[in-house]
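Colleague: would you be able to build a 3D model of this:
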Amino acid sequence: MGRSQRKLVDSSLPDWLAKGRVAWLFHPQAGLSDRLLPRWIFLRALAAIYFSAFFSLLFQIDGLIGPHGILPAQRFLSAVQGATGALRFWYAPTLFWMSSSSPMMMAVTWLGLIASVAAVCNLWPRLSFFVCFVCFLAFVTAAQDFSSYQSDSMLLEAGFIALFFAPRGLLPGLGIASPPSRASLFLLQWEWFRIYFESGLVKLLSGDTQWRNFTAMDEYYQNGPLPTWIGWYVEHFPHWFHAASVAGTLAMELAVVWMLFLPRRARLVCFFIVTPWEVGVILTANYTFLNYLVLALGFLLLDDPSIRWLLPQRFRRLLPEATHPEPAPISQTPLSIVESSDESKAEIPAESRGFASFPATARLFVAAVLLSWIGYATTAEMIRMLWSDLPLPTAPIAALEPFRIANQYGLFAVMTRGRYEIEFQGSSDGQNWTPYPFRYKPQPLNEAPGIYAPYQPRFEWNLWFASLGEWQQSNFVALTEERLLENDPAVLALFNANPFPQAPPRFARAVLWQYWFTSMEEKQRTGNWWKRNLLGLYAPVVTRQPDGKFGAVEWPEPLAPHD
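Modeller: Residues are numbered from 1 along each chain as shown. Down below sits the predicted model:
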């Protein structure tokens, strides 16, 4: 962008506003010109994560919340409308108010998928990320039990802030003319910090003895939602390794991440500590896109000088030279880069300045209000973790809750003490039962656990959470049994195969197994990665009665405590 064009852009703000602290925090033209490469990397990664989220929904959304799915969105939205009336659009912000049919759901998913590809290609990034955000929010709002994950909240929060972080324009390249505003960069770094620090806090506040006696990682690799084959081997490391992992986790979450607020060199050291750690988590467990997003946010600890040496020489020349330390705002120095000479002022006719300043001022106002709102809500939520009785205004926090763009995090507050698996079975006679094979969950004992993330099999993921409690707490299990009695194609697509292709079974049930990793000796002798024990019936045995309604023919006995 030429010099005169820069003056025109910057002069679109009134002088009193361009020179103020608000512009210094929220206006891109007063932004950080030495964060262009980390921003480019982060936004490409964010777009790829959106792609993985929408790609997984292509094969699942109809079976999860379609008209014939397990938890139809239409029923949920009707209940919301009855409870909230005209406020339903705020409390349930979703495009599926227009229609919750299968074609509409697939259209929204494809639209999000296309927008994520455009964002990866850096094509009109602000618009592309806006479409991604709206489409993903549409699903998360309507998906009920299938979107109650912290990873979804993390993506929505990062995706919303990215609307102010991304460069303007159709093909902005590195966005040299539109550097990242200080506020948007800080809030993304703040999200990264809170994911770690709040997770450390909940480990201490929960009182879980496993974190206190350094045994939390002893069976972690086996008991997570979807283990990997690498995790199988790490599980067999000696106890001192797992105890050291506990100490390292607590140290990183409660201490190391504070290096974000230290000078540049400390931030770089922090990056090289947390990044290998995240890679290790990705390889040893399938936590969907959660760790990929945290890994991507970590790149915002870097700056251009720290990575520009990786670029070919011809591209390095395009980057502005950055100076360190970063300048602080002072009232005597204009925060706009408008030239103060009479010649520069003459380039913009006086009669056009008022008209040009209105949309620029409006954009700055919207950015300042929304980003400040998120900053307050997230800070207040973290403070309340420690001092719940502190009289902080909660209305701003509650108002943002439906959009999940200002969240409280806390991973692994309490470690699970066993691995339990729900298995669906069908029968034509009520005596001989055939299991429905899963796509990703452990089931065959000789099948190695795979690496699937960032792909998220939401149905199987939810079954892991359901297995830790009673079936009454997860009504989607019994509803799945009913769909299996109908041979519903959308729900059957969530499984790897249909063992009753000719006609649906007469009976369906869900049983509960406990699984363990085999030992090294057992695997060498049998070839099995797993061993298991049947604990009993998890949910009622269901059949279809002559009148077409579903009824239970056997009820489960109370299961022994398992968590």
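Colleague: which SSE is the spatially most central residue of the chain in?
Modeller: The residue lying closest to the centre of the chain (C-alpha atoms, centre = their mean) is Ser151, at 2.9 Å. Here Ser151 sits within helix 150-165, counting by DSSP states H and E.
Colleague: next: Ala508.
Modeller: Going by DSSP H and E, Ala508 is part of strand 507-517.
Colleague: what about that strand, average pLDDT?
Modeller: Strand 507-517 shows a mean pLDDT of 97.
Colleague: could you pull out the buried residues of the helix or strand following that strand?
Modeller: Using DSSP H and E, the helix or strand that follows strand 507-517 in sequence is helix 520-526. The neighbour-count check on helix 520-526 (16 or more other C-beta atoms under 10 Å) flags Lys523 as buried. All C-beta atoms are positioned from the backbone trio N, CA, C, and that covers glycine.
Colleague: CA atoms only: put helix 520-526 into PDB for me.
Modeller: These are the backbone C-alpha positions of helix 520-526, laid out as PDB (Å, rounded to 0.1, in the frame of the first residue of the first chain):
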ATOM      1  CA  MET A 520       3.400 -56.100  27.200                       C
ATOM      2  CA  GLU A 521       3.500 -59.800  27.900                       C
ATOM      3  CA  GLU A 522      -0.200 -60.300  27.200                       C
ATOM      4  CA  LYS A 523       0.100 -58.400  23.900                       C
ATOM      5  CA  GLN A 524       3.100 -60.400  22.800                       C
ATOM      6  CA  ARG A 525       1.300 -63.700  23.700                       C
ATOM      7  CA  THR A 526      -2.200 -62.900  22.300                       C
END
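Colleague: what's whichever helix in the chain runs longest packed up against?
Modeller: For the chain, the helix with the greatest residue count under DSSP state H is helix 350-386. Helices and strands touching helix 350-386, by 3 or more C-beta pairs under 8 Å, 6 or more residues apart in numbering; DSSP states H and E, are helix 21-26, helix 150-165, helix 182-205, helix 395-400.
Colleague: in the last one, which residues are buried?
Modeller: Taking 16+ other C-beta under 10 Å as the basis for neighbour counts, the residues of helix 395-400 that come out buried are 397, 400.
Colleague: now do it: everything it contacts.
Modeller: 373-374, 376-377, 380-381, 406 (C-beta atoms under 8 Å, 6 or more residues apart in numbering).
Colleague: and the furthest pair within those residues?
Modeller: Trp373 and Glu381 (12.6 Å; C-beta to C-beta).
Colleague: give the residues shared as contacts by these two.
Modeller: With C-beta under 8 Å, 6+ apart as the test, Trp373 and Glu381 both reach Ala406.
Colleague: and the helices and strands packed on helix 350-386 as a markdown table, adding mean pLDDT?
Modeller: Conversion of these to a markdown table gives the following (pLDDT from 0 to 100):
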| stretch | mean pLDDT |
| --- | --- |
| helix 21-26 | 90 |
| helix 150-165 | 98 |
| helix 182-205 | 97 |
| helix 395-400 | 96 |
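Colleague: pull the longest strand from the chain.
Modeller: strand 530-544 (DSSP state E).
Colleague: what about the following helix or strand past that strand, distance to the chain center?
Modeller: Note on strand 530-544: by DSSP H and E, the next helix or strand toward the C-terminus is strand 550-554. Distance, stretch centre to chain centre, for strand 550-554: 38 Å (C-alpha atoms, centre = their mean, to the nearest Å).
Colleague: low-confidence stretches in the chain?
Modeller: For the chain, the stretches with pLDDT under 70 are 1-12, 16, 18-19, 318, 321-356, 563.
Colleague: so the helix holding Ser151 versus helix 182-205, what angle?
Modeller: Angle of helix 150-165 versus helix 182-205, following axes from the mean of the first three to the mean of the last three C-alpha atoms, to 10 degrees, is 160 degrees.
Colleague: what's the angle between helix 150-165 and helix 350-386?
Modeller: Going by the same axes, to 10 degrees, helix 150-165 makes 160 degrees with helix 350-386.
Colleague: mind listing what's buried in helix 150-165?
Modeller: Neighbour-count burial for helix 150-165 [16+ other C-beta under 10 Å]: 150-165.
Colleague: what helices or strands is it leaning on?
Modeller: Looks like helix 150-165 contacts helix 36-58, helix 125-142, helix 182-205, helix 290-298, helix 350-386 (3+ C-beta pairs under 8 Å, 6+ apart).
Colleague: in the last one, which residues are buried?
Modeller: Meaning helix 350-386. In helix 350-386, counting by 16+ other C-beta under 10 Å, buried: 356-357, 360-361, 363-364, 367-368, 370-374, 376-378, 380-382.
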